[in-house]
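>>> turn this into a structure:
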Amino acid sequence: MAFELTSPAFAPGQPIPAKYTCDGQDISPPLQWHDTPNDTQSFALIMDDPDAPAGDWVHWLLFNLPADLRELAEKSALPQGSQTGKNSWGRFEYGGPCPPRGTHRYFFKLYALNTTLDRAAGNSKAHLLKAIERHTLAQAELMGTYSRQK
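Residues are numbered from 1 along each chain as shown. You can find the predicted model right below:
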């Protein structure tokens, strides 16, 4: 089997429940993964919205997730040693879907890495992607959608 990222809260390509958005509790959804590469030393996670009017909008950046971790619970406290990067709101935390109009796609991308990263890696999505480019063993992706009900 291939490295796979799933959520018990929504199926791939389906709507993300309002609970995990700015219209609800704005808490992170539960995520699970399996079939990780044997040499994995840590994981990094990026959640972004490529459909945002201003371009790619980063909702969540995590890195140095432990190699033995296989899930993040809903509104999960991060495991010891894990770190957060800065999202597009300038915060070091999860920010749920909140599209100004229309249906947007939200991509959760999980990277299995052959190393742990320096804290500076999480300053932004660009910094994190640069830091992992030569250390990615595998990538898993889950996409959900969301549109606000007005």
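>>> you'd agree residue 139 is up against residue 107?
No - with contact defined as CB atoms under 8 Å, residue 139 does not reach residue 107; the gap is 10.9 Å. In short, each C-beta sits where N, CA and C put it, glycine included.
>>> which parts of this structure are strands?
4-6, 31-34, 42-49, 57-66, 71-72, 83-84, 104-113, 136-146 (DSSP state E).
>>> so which of the ones you listed comes closest to residue 15?
Proximity to residue 15, assessed across the strands of the chain by CB to CB, is greatest for strand 136-146 (5.3 Å).
>>> would you mark the buried spots in that closest one?
137-138, 140, 142-146 (16 or more other CB atoms under 10 Å).
>>> identify the farthest-apart pair in the residues you listed.
137 and 146 (30.1 Å).
>>> what pLDDT does residue 101 get?
At residue 101, the model reports a pLDDT of 92.
>>> for the buried residues of strand 136-146, give me a markdown table that also has distance to residue 17 and pLDDT.
Converted to a markdown table, the buried residues of strand 136-146 look like this (distance: CB to CB, whole Å; pLDDT from 0 to 100):
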| residue | distance to residue 17 | pLDDT |
| --- | --- | --- |
| 137 | 31 | 97 |
| 138 | 28 | 97 |
| 140 | 21 | 98 |
| 142 | 14 | 98 |
| 143 | 15 | 98 |
| 144 | 9 | 98 |
| 145 | 11 | 98 |
| 146 | 9 | 98 |
